[in-house]
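Novice: 3D, please:
(chains A and B, ligands or ions: 1)
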Amino acid sequence: MKPSAFRYADPRSLEEALEVLSAEGEGAKVLAGGQSLLPLLSMRLAAPATLVDINRVPGLDAVETGEGGVRVGALVRHARLLEDAAAARVQPLLARATANVAHPAIRNRGTTVGSIAHADPSGEMTSVLALTGGSVTVATPAGVETVGWQDLFVGPLETSVHGPAVVTSAFFPALPARSGTAFAEIARRKGDYAVCGAGVVVTLDEDRRVSAARAAYISVGLVPEVHDLTEAVAGQPVDTADWAGAGALARTLVDPDADIHASADYRRLLVGVLTERTLIEAAAEAAGRTAA
Amino acid sequence: MTTKVFGEPVRRREDARLITGKGRYLDDIGSTATLAAAFVRSPHAHARILDIDVTGALDVEGLVAIYTYEDLTGPLAEPLPVLIPHPQLTAPRTGFPLANGEVNHVGEPVVMVVATDRYLAEDAAERILVTYEELPPVVGVDAAREARHAVHAEIPDNVAARHHQETGDVEPALAAAKNTLSFTQYIERSACMPMEGKGVHARWDAADSSLRVYTSTQASTSVRAAIAAKLELSLDKVEVIAPDVGGGFGVKIVHPWPEELLVPMAAIALQAEVKWAEDRREHFVSSAHERQQRQEITVGYDDEGRITALDVHIWHDNGAYTPYGIIVPIVTATQLVGPYVIPVYRVIVESVFTNTVIVTPYRGAGRPQGCFAMERTMDRIADALGLDRAVVRERNLIQPDQFPYDHHLTFQDGRPVIYDSGDYPGLMAKLKKLVGWEEAEQLRADAGARGRMLGVGMALYVEGTGPGPYEGGHVQVLGSGKVLVSTGLTSQGQGHETAFAQIVATELGVPIEDIEVTTGDTRRFGYAVGTFASRAAVMSGNAIALAARGVRAKALRIAADVLEVDPGDLEIDEGVVQVKGTPGASIPLRTVAVLSNPLRYAFDEAARQATQFAGPADDTRPPVAEGDAPGLEHVDYYSPVRSTFASGAHAAIVEIDPATWEIDVVKYAVVHDCGNIVNPMIVEGQVQGGVAQGVGGALYERMAYDSAGQLQNASFMDFLMPYSSEIPDVVIDHQETPSPLNPLGLKGAGEAGVIPGTAAIASAIEDAVGRRITAMPISPTQLYDLMRDQDTERTAAAARRAGTGAMA
Ligand SMILES: Cc1cc2nc3c(=O)[nH]c(=O)nc-3n(C[C@H](O)[C@H](O)[C@H](O)COP(=O)(O)OP(=O)(O)OC[C@H]3O[C@@H](n4cnc5c(N)ncnc54)[C@H](O)[C@@H]3O)c2cc1C
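Specialist: Numbers count the residues shown, from 1 in each chain, chains lettered A, B, ... in the order given. Next comes the predicted model:
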């Protein structure tokens, strides 16, 4: 379990990083926290010719929080985001989901943007990006572009970002008014990738009736998907809405796979349970944020 | 004071070194000049090797050598030894150090590559092309039993051994029984998984024609003998040292591992230091696993739940080869009976080949399976009769006045299974109190109100520990006052340095700080068996105590001479020999050490001081009397007539979420009896660690082989060894029934914690959900399947509970 030989570059600016990536071509990979990439290298499941370490590139380590949302720079570690109170206020899903990412040691190195670029359907932050309707900013030699989550995730461990490119940040829009969120997952061991996880957003109208309920799941499906569960609860008063019905609806919308840890049916069961549980929690939060 | 420390919770003296990174493990040995070995291992479970093409590897910079079976000569080209033959092991098979034409499991070594570092060795290994013709694989105990394919063509039924013991005529006894029950159950594979894998470092001294080998082993003296024999070296030219070893749990008692022969072979051939440090993936597919069995059980019992006859037929998956004989089947067969009186018992264990990693002892070594069989039988009887599970057990227990208790079985050491001492009703009483057995229904109701299903389970065991044939100890007092202690068996983190020092401090009357303990170094002690079967404290502990007593006797004799008193009037305390009750009439033990050697060059102050005590020489006698020896040291051995039998009782309380079927062990109680306790802190640590492995084996760990014999979870990402977050707090109570068989009254404590976990947790889950649990481990997804399967058997207890209106 030792990587095969690779070249290593540690550029000091974004421009330099893009230059190296362009020069090295297909065989080059960006190295951020290394918490996903290095195990792949050690197991020789990946053998990039060059690692372009972006850790010394200035300007990528900020969490910028505004009215509209939270922008997370490419070098922001999970641990840093987890502790950011302002970000948690504007978009509570960030801290709630990040708390479920791995263990403290890994959160100290791994980056939020790296886990999105890695596009693991078992990762928490890919689904959070989807659920919040977020996007990433991508720098290429041709310039900077914004890629919405729908266009980003192509398959497991595969995004639409190709060629010489650095994802410089991810943007998570703010939680809308009269809304609440919740996140929950079930993992066999604390800190493991989830067997199944769910993040939800519930939005109420001014009469505290449900106007929208959406969910995204972890370890269910090949790419993050957002499921609209509104029809099960639309117009229902928040205190008596049929959250179990929404859970049942969710079960019919997903198409999970089996692996050695869970059958597809078991995952479907968990989708129902976690949906109902998180919706109840999110609804309570939404109610608290909606004047009676 | 610091001398009478036997039985005290002395802090482990090795911990500061080990937890601040100052340990010296196998991979810490060597320099940048050390060559590295890597292996090409079989990607197939069962295949014929047609061709090995190394040309692609030849231009890898840094490649030093490539070895295949063709390069092995003399005894190395023969199959690896069957360490422990047995007449009932009628078809033993072992592999070769490198595969000879056929591979029988994924991971079997085929080619060894040596390069200037491990990275390059892996580069070269990757470029070697091996062409295979795949053969049908046999995966799992049922496939082996069905024998539609054979692992070894010349053994068409796949049966390596048919181990059989009986204590009477079981069929008429069953026919005469008031009630009988028959059932089948399964237990899965897990593995030792020490934090540090295996590893070997070899250094050849060409000028001296000698070999020094470091290996992460549980048996350095035997590795030494194996290397000498297989490499045709004189034993005195081979040293084997176990450095700090990061856990063993059984897998490192197997020897010689292929790498333990091949790495020294390469070191000699290349006249260089060579090292191999196993990586985790290699450990999963090329070390050893344990535990898979299919158990068919028939029991006869009376209306009170007393067992009258027990008939057990087990199929035991031994993997591809049988280097460790049938130790695990024998242990299952003989330890199954536990603390119970079984009037007529018959057991047959068929040990079968499969195309999977070999099976050798993993902490518990067949006992968890035996305990699972026996304890689940008790649960079934209780369920059928509508009795409390504790009551049924109590009615079957061996009573304190029945010791020594002869089961009329033959143990793994070839000796009779005669329990030396114990108090099983005592264990039971303590356990019920500790776990709150009588309050279980209240807890169940409380949990029900919270929407959770609660269940309790218990399991008892008796564990044969400390088997022979022997261990030895050497104790030497230096003129500096330092006391050197050595024993040949090895340490893998158990705290031997501390426990053995406590024994010597107490026996000899010296401060524990003055004692230095060395284990597992053949330069210091040449005769040893090894660390396994919960034997280190019993075997080496007693040997060291005897050696210390020898030193004490000699010290008293010399001091008595000097002080002109009778040795019987002397005592040793705090490293000083003194006349009892006469302050001032004393001599330091270190001075006695100097006096013990008539050659006293005044190199140091100690020697100069000693001269004041030295009496005038007697010209008529030799300076060293006949039968005496210079120096204050003694070697002694302890060899038991038979094993000691430790015992214990565990109980688990589980809570289950009926929406997600997650299983939580909310309480785990242990009552433990290992005779006299050298250090309760160490014993509790052993129990805690054992329980963690027990919980792992019950709820998390299994080897997920697919039907092609590929291990699908060969990493810590998918092999779910529990973290501390998954392990419940363990409450522990002790009971001490000293063993009458050894001077210190000890019984082993190393494996106990793991043995009843699977049985107790299965029982608790069954109690919670009211459905029969017939296979372990169990995960939430499996429990969900069980609960929604209409064919799953419901327990009678659940029906009774439903009938009385309580939660089902
Ligand atoms: C034991 C363990 C448990 C874990 N558990 C979880 C878990 O429960 N949930 C979870 O979500 N994750 C988990 N992880 C993964 C962890 O969160 C990683 O930090 C994350 O997946 C990747 O972030 P990174 O910064 O380490 O990226 P790296 O490993 O450095 O890179 C990952 C991939 O993304 C690419 N990449 C990274 N950054 C950029 C960028 N800015 N622009 C373009 N490409 C980029 C790399 O080229 C590479 O292909 C776990 C990891 C380990 C080792």
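Novice: Closest residue of the stretch 101-250 of chain A to the ligand?
Specialist: Relative to the ligand, the nearest point of the stretch 101-250 of chain A is residue A:110 (1.9 Å; Cβ to the nearest ligand atom). (Glycine included, C-beta is placed from N, CA and C.)
Novice: For that residue, list the residues it contacts.
Specialist: A:32, A:33, A:34, A:35, A:36, A:77, A:78, A:101, A:102 (Cβ atoms under 8 Å, 6 or more residues apart in numbering or on different chains).
Novice: pLDDT at residue B:2, what is it?
Specialist: Reported pLDDT at residue B:2 in the predicted model: 55.
Novice: Residue A:215 versus residue B:203, what's the distance?
Specialist: 62 Å (Cβ to Cβ, to the nearest Å).
Novice: of those two, who's got more company?
Specialist: For residue B:203 versus residue A:215, neighbours defined as other Cβ atoms under 10 Å in any protein chain shown are more numerous around residue A:215 (29 against 20).
Novice: Make sure that one is indeed in a strand.
Specialist: Yes. The assignment for residue A:215 by DSSP: H, G, I helix; E, B strand; the rest coil puts it in a strand.
Novice: What residues does it make contact with?
Specialist: Going by Cβ under 8 Å, 6+ apart, residue A:215 touches A:131, A:198, A:199, A:200, A:201, A:226, A:227, A:229, A:250, A:275, A:278, A:279.
Novice: buried stuff in the host helix or strand of residue B:441?
Specialist: Element membership for residue B:441 (DSSP states H and E) is helix B:440-449. In terms of neighbour count (16 or more other Cβ atoms under 10 Å in any protein chain shown), helix B:440-449 has its buried residues at B:440, B:443, B:444, B:447.
Novice: Could I get the pLDDT score of the second one?
Specialist: Okay, so that is residue B:443. Per-residue confidence (pLDDT) for residue B:443: 97.
Novice: With the one 10 residues further on instead?
Specialist: The predicted local confidence for residue B:453 comes out at a pLDDT of 98.
Novice: And for residue B:413?
Specialist: Looking at residue B:413, its pLDDT reads 88.
Novice: Make sure it is actually in contact with residue B:466.
Specialist: No. Assessed by Cβ atoms under 8 Å, residue B:413 is found out of contact with residue B:466, at 9.6 Å.
Novice: Find residues that contact each of these two.
Specialist: Common neighbours of residue B:413 and residue B:466, using Cβ under 8 Å, 6+ apart, are residue B:643.
Novice: Can you give me the distance of residue A:21 to residue A:59?
Specialist: From residue A:21 to residue A:59 the distance is 17 Å (Cβ to Cβ).
Novice: ok, the buried residues of helix B:440-449 vs residue A:93, which is closest?
Specialist: The nearest member of the buried residues of helix B:440-449 to residue A:93, counting by Cβ to Cβ, is residue B:447 at 31.9 Å.
Novice: From the ligand, how far out is that closest one?
Specialist: Remark: distance between residue B:447 and the ligand (Cβ to the nearest ligand atom, to the nearest Å) = 29 Å.
Novice: gap between that residue and residue B:699?
Specialist: 18 Å.
Novice: Quickly find the element holding the residue nearest the centre of chain A.
Specialist: In chain A, the C-alpha nearest the mean C-alpha coordinate belongs to residue A:125, at 1.6 Å (Cα atoms, centre = their mean). Residue A:125 belongs to helix A:124-131 when elements are defined using DSSP H and E.
Novice: Convert that helix to CSV, retaining C-alpha atoms only.
Specialist: Extracted in CSV, the C-alpha atoms of helix A:124-131 (Å, rounded to 0.1, in the frame of the first residue of the first chain):
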residue,chain,number,x,y,z
GLU,A,124,-22.5,14.6,3.2
MET,A,125,-21.6,17.9,1.5
THR,A,126,-22.5,16.9,-2.1
SER,A,127,-26.1,16.4,-1.0
VAL,A,128,-26.0,19.6,1.1
LEU,A,129,-24.9,21.5,-2.0
ALA,A,130,-27.7,20.0,-3.9
LEU,A,131,-30.4,20.6,-1.3
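Novice: wait, does that helix contact the ligand?
Specialist: Yes. Helix A:124-131 lies within reach of the ligand by Cβ under 6 Å from any ligand atom, at A:124, A:125.
Novice: Residue B:70 looks like it's in a strand, true?
Specialist: No. Counting by three-state DSSP, residue B:70 falls outside a strand, being helix.
Novice: Count the residues that sit near it.
Specialist: Residues within reach of residue B:70, counting by other Cβ under 10 Å, total 10.
Novice: before we move on, what about the one 5 residues further on?
Specialist: Look at residue B:75: counted by other Cβ under 10 Å, it has 13 neighbours.
Novice: now the residue lying closest to it once chain neighbours are set aside: how far from chain A?
Specialist: Sequence neighbours aside, residue B:230 is the residue nearest to residue B:75 in space, at 4.9 Å (criterion: Cβ to Cβ, 6 or more residues apart in numbering or on different chains). Between residue B:230 and chain A the computed distance is 28 Å (Cβ to the nearest Cβ, to the nearest Å).
Novice: For the nearest residue to residue B:771 once chain neighbours are set aside, list the residues it contacts.
Specialist: Residue nearest to residue B:771 in three dimensions, not counting chain neighbours: residue B:792, with 4.8 Å by Cβ to Cβ, 6+ apart. Neighbour list for residue B:792: B:771, B:772, B:786 [criterion: Cβ under 8 Å, 6+ apart].
Novice: wait, the first one sits on residue B:794?
Specialist: Yes. Residue B:771 sits in contact with residue B:794 when judged by Cβ under 8 Å, with a separation of 6.0 Å.
Novice: Looking at the two, which one has more neighbours?
Specialist: The residue with more neighbours, out of residue B:771 and residue B:794, is residue B:771; 18 against 13, by other Cβ under 10 Å.
Novice: pLDDT score assigned to that one?
Specialist: Looking at residue B:771, its pLDDT is 97.
Novice: separation between it and residue B:789?
Specialist: According to Cβ to Cβ, residue B:771 and residue B:789 sit 9 Å apart.
Novice: repeat for residue B:586
Specialist: Between residue B:586 and residue B:789 the distance is 78 Å, computed by Cβ to Cβ.
Novice: who has more neighbours, the two?
Specialist: residue B:586 (18 against 10).
Novice: Isn't the more buried one up against residue B:579?
Specialist: Yes. The pair residue B:586 / residue B:579 is scored as a contact, 7.0 Å apart, by Cβ under 8 Å.
Novice: All the helices of chain A, residue numbers only.
Specialist: Assigned by DSSP state H, the helices in chain A fall at A:14-24, A:37-42, A:78-82, A:85-90, A:93-98, A:104-109, A:112-118, A:124-131, A:149-152, A:230-233, A:243-253, A:264-288.
Novice: And for the second one, what's in contact with it?
Specialist: When you say that, I think you mean helix A:37-42. Residues from elsewhere that reach helix A:37-42, judged by Cβ under 8 Å, 6+ apart: A:1, A:2, A:3, A:4, A:6, A:29, A:31, A:46, A:47, A:48, A:51, A:118.
Novice: domains in the chain, as residue ranges please.
Specialist: Reading this off chain A. Listed domain ranges for chain A are A:7-53, A:63-173, A:179-291 (source: automatic domain parsing).
Novice: wrong chain, I was asking about chain B
Specialist: When chain B is cut into domains by automatic domain parsing, you get B:31-135+B:198-277, B:293-410+B:424-467+B:641-800, B:468-638.
Novice: Which positions in the stretch 651-800 of chain B make contact with chain A?
Specialist: Within the stretch 651-800 of chain B, the positions adjacent to chain A are B:659-662, B:700, B:704, B:712-713, B:715, B:717-718, B:720, B:722-723, B:725-726, B:779-781, B:784-785 by Cβ under 8 Å from any Cβ of the partner chain.
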